[in-house]
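Visitor: following is a predicted model, sequence given first.
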Amino acid sequence: MSACLSRREAMLGGAAAAALAAGSAKAQTFVSHRPPTASRRFVSPAVEVLIKRVKAKVADPELAWLFENCFPNTLDTTVFLGEAGGKPDAFVMTGDIDCMWLRDSSAQVWPYLPLAAKAPELRTLFRGVIGRQARCILIDPYANAYMRDPSARTNLKWSLRDVTEMRPGVAERKWEIDSLCYPVRLAHGYWRATGDLTPFDAEWRQAMTVVVRTLREQQRKDGPGPYAFQRPTTLATETLMLEGRGAPTRKVGLIHSMFRPSDDACVYPFLIPSNLFAAAVLRQLAELSTEVLKDPVFAAECVAFADEVSAALKAHGMTLAPDGQPVWAFEVDGYGNALFMDDANAPGLLSLAYLGCIPHDDPVFRRTAALAWSERNPYFFKGHAAEGIGGPHAGLDLIWPMSLIMRGLNALADGDDATVLACLRTLKATHAGTGFMHEAFHKDDPSKFTRDWFAWANTLFGELIVEIADRKPALLARPLDSIA
């Protein structure tokens, strides 16, 4: 797909769907869809060993084929490794759009972290990603996506007329809290997995100062802050009201996010999943500051900030379920107004435990996740082919495989084998013969889907299979069709 196509334009038409259906029989031979070894963007022997080990545990041939295609997709197709200032530099594009999202790039490489301690090639990759992300943040912390060439102007056709400060190197400038959270999560995870201090140089330290400063600015205690964004468009989810500042809020200590992880505009600017994520990663940054940077002053600042956001979340971040029990809201405005829904992107309500924001066994999280997977969520869709969560980004009746994967990961943590198997069956039945995950598919007809090359969803699916193989291998020991 062209990098100039928007995600909304990626829905397959009738002719493509027909061709896909015609090719589905061929896909049943389960021949690998990976590029030839010589054509792969990045090769890791450690990942190849893991693929063989896990695949040997998967008795269902189609599920094993999906895993082999999906898990290495980020490495096979999206990594551009080089050097910057004598250090590794890794640009990780999202797939069919040749730009690097801070969120997507972090999530795309995350499942390879457990291998990094014993795999020097992966340590080079992670050093490169962490360094590139720091440099992106220093270009503009309010951007969500960046160009491969840091001196280039955006080539995304939907960004060309945006009314905001577009700097060289920025592909899109939608302010999303999680864009700054994911690089911290990745850096912390890398350090915990490897003990390697190499990436945490003066440039990275400067970027972390900018992260905290930007999150503080977006509490907007002393005015609206420097960020504004408008886009000439007929789509309400693509622009911001009130001269690009977003809907009014009462300043209660929460952080404003103008856009969601889906890149859709927020209805109410206090996006609760992203604020919970911010509180969690500020504590991770405090740990890094103490143990790696040896900067107790900055660590204390991060802890105090996290405490403030956590207190504001407890005071303003919940709403009531129909039975009167408290659940996390999706968005609030500080005046008492709340929106309950969920969006398949992470962070969302369903992914809070996965991201380490809340314990899996927390009763409020359990109630929230159950309510999100129900008709109380206007973006929960149930059809002839599947049920799951979507969002306004792709449109009504379109389920995101990421929601099914996240539900499977939650169920695995809870010991709910039946739900894990149900998610696997649905994922196996809805890839439309392509051998890969997609952004979204129609609840009644999986041959209608968006984004045939979406590396985050592919790698996340691979992470699910690895987790099952390590924690509940018996669930993979028989073909899915043979398990009642």
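Guide: Good, I have the coordinates. Quick caveat: nothing in here was measured; it's all calculated off a predicted structure.
Visitor: host element of the most centrally placed residue in the chain?
Guide: By CA atoms, centre = their mean, the mean C-alpha position of the chain lies nearest to residue 346, the distance being 4.6 Å. Using DSSP states H and E, residue 346 sits within no helix or strand.
Visitor: please tell me how far it sits from residue 205.
Guide: Counting by CB to CB, to the nearest Å, the gap between residue 346 and residue 205 amounts to 27 Å. C-beta: built from backbone N, CA, C; applies to glycine.
Visitor: could you verify my assumption that the residue nearest to the centre of the chain touches residue 261?
Guide: Yes. The criterion here is CB atoms under 8 Å, and residue 346 meets it with residue 261 at 6.4 Å.
Visitor: give the residues shared as contacts by the two.
Guide: With contacts taken as CB atoms under 8 Å, 6 or more residues apart in numbering, the residues that reach both residue 346 and residue 261 are residue 178.
Visitor: buried residues in stretch 360-379?
Guide: Of the residues in stretch 360-379, those buried by neighbour count under the rule 16 or more other CB atoms under 10 Å are 365-369, 371-373, 377, 379.
Visitor: ignore what I typed, I meant stretch 55-63.
Guide: Counting neighbours by 16+ other CB under 10 Å, one finds that the buried residues in stretch 55-63 are 55, 57-58, 60, 62-63.
Visitor: if we can go back for a sec, what's the most distant pair in the buried residues of stretch 360-379?
Guide: Taking CB to CB, the two most distant members of those are 366 and 379; they sit 19.9 Å apart.
Visitor: list the contacts of the residue nearest to the centre of the chain.
Guide: When contacts are counted by CB under 8 Å, 6+ apart, residue 346 touches 107, 178, 261, 354-355, 402, 406.
Visitor: what's the answer for residue 465, then?
Guide: By CB under 8 Å, 6+ apart, the residues touching residue 465 are 54, 58, 63, 67, 71, 476.
Visitor: run the last query once more with 10 Å
Guide: Contacts here follow CB atoms under 10 Å, 6 or more residues apart in numbering; on that basis residue 465 touches 51, 54-55, 57-58, 63-64, 66-68, 70-71, 111, 405, 408, 424, 427, 476.
Visitor: my read: residue 139 touches residue 150, true?
Guide: Yes. Proximity of residue 139 to residue 150 meets the contact threshold set by CB atoms under 10 Å, at 6.5 Å.
Visitor: which of the two has more residues huddled nearby?
Guide: For residue 139 versus residue 150, neighbours defined as other CB atoms under 10 Å are more numerous around residue 150 (18 against 15).
Visitor: narrow the contacts of residue 465 to those in helices?
Guide: 51, 54-55, 63-64, 66-68, 70, 405, 408, 424, 427 (DSSP state H).
Visitor: closest one of the buried residues of stretch 55-63 to residue 291?
Guide: Top of the list for closeness to residue 291, among these and by CB to CB, is residue 57 at 35.8 Å.
Visitor: related to what we said a few turns ago, in helices, which of the buried residues of stretch 360-379 appear?
Guide: Of the buried residues of stretch 360-379, the ones assigned to helices by DSSP H are 365-369, 371-372.
Visitor: count of neighbours near residue 326?
Guide: Neighbours of residue 326 under the rule other CB under 10 Å: 14.
Visitor: same question, residue 455
Guide: Burial of residue 455, expressed as a neighbour count using other CB under 10 Å, amounts to 28.
Visitor: after the helix or strand containing residue 312 comes which helix or strand?
Guide: Taking DSSP H and E as the criterion, residue 312 maps to helix 296-316. The first helix or strand that comes after helix 296-316 along the chain, using DSSP H and E, is strand 318-320.
Visitor: buried sites along that next one?
Guide: Of all the residues in strand 318-320, those buried under the rule 16+ other CB under 10 Å are 318-319.
Visitor: what strands flank that strand, and is each parallel or antiparallel?
Guide: In the sheet containing strand 318-320, the strands it pairs with under DSSP bridges are strand 326-328 (antiparallel).
Visitor: contacts for the partner strand next, please.
Guide: For strand 326-328, contacts defined as CB under 10 Å, 6+ apart pick out 272-273, 275-276, 313, 317-321, 338, 340, 342, 349, 352, 357-358, 362-372, 376.
Visitor: starting at the chain centroid, how far to the helix or strand following that strand?
Guide: Next along the chain after strand 326-328, taking DSSP H and E as the criterion, comes strand 331-332. Averaged C-alpha coordinates place strand 331-332 at 20 Å from its chain's average position (CA atoms, centre = their mean, to the nearest Å).
Visitor: would you map the helices across the stretch 151-300 of the chain?
Guide: Secondary structure of the stretch 151-300 of the chain (DSSP state H, counting those that start in this stretch): helices located at 177-194, 202-217, 241-244, 272-291, 296-316.
Visitor: all the strands of the stretch 101-250 of the chain, residue numbers only.
Guide: Assigned by DSSP state E, counting those that start in this stretch, the stretch 101-250 of the chain shows strands spanning 145-146, 170-172.
Visitor: make TSV out of those strands and add mean neighbour count, distance to residue 89 and mean pLDDT.
Guide: Written out in TSV, the entries for those read as follows (neighbours: other CB atoms under 10 Å; distance: least, CB to CB, whole Å; pLDDT from 0 to 100):
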stretch	mean neighbour count	distance to residue 89	mean pLDDT
strand 145-146	27	12	98
strand 170-172	24	17	98
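Visitor: can I get those strands in TSV including distance to residue 284?
Guide: As requested, these are exported to TSV (distance: least, CB to CB, whole Å):
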stretch	distance to residue 284
strand 145-146	23
strand 170-172	26
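Visitor: who wins for proximity to residue 198 among those?
Guide: Shortest separation from residue 198 across the strands of the stretch 101-250 of the chain is recorded for strand 145-146, at 22.2 Å, computed as CB to CB.
Visitor: that closest one pairs with which strands, parallel or anti?
Guide: strand 100-101 (antiparallel), strand 170-172 (antiparallel).
Visitor: list of residues touching the longest one?
Guide: What it means is strand 170-172. Strand 170-172 is contacted by residues 3, 97-101, 136, 139-140, 142-148, 150, 152-156, 158-159, 162, 164, 166, 229, 231, 259, 263 when judged by CB under 10 Å, 6+ apart.
Visitor: now list the buried members of those.
Guide: The neighbour-count criterion (16+ other CB under 10 Å) marks 97-101, 136, 140, 142-147, 150, 154, 156, 158-159, 162, 164, 166, 229, 231, 259, 263 among these as buried.
Visitor: quick check: the nearest residue to residue 271 once chain neighbours are set aside vs residue 314, distance?
Guide: The spatially closest residue to residue 271, leaving aside those adjacent along the chain, is residue 257, at 4.1 Å (CB to CB, 6 or more residues apart in numbering). Here residue 257 is placed at a distance of 18 Å from residue 314 (CB to CB).
Visitor: what does residue 364 give?
Guide: Here residue 364 is placed at a distance of 10 Å from residue 314 (CB to CB).
Visitor: with residue 349 instead?
Guide: Taking CB to CB as the measure, residue 349 and residue 314 are separated by 16 Å.
Visitor: cool, residue 239 as well?
Guide: From residue 239 to residue 314 the distance is 32 Å (CB to CB).
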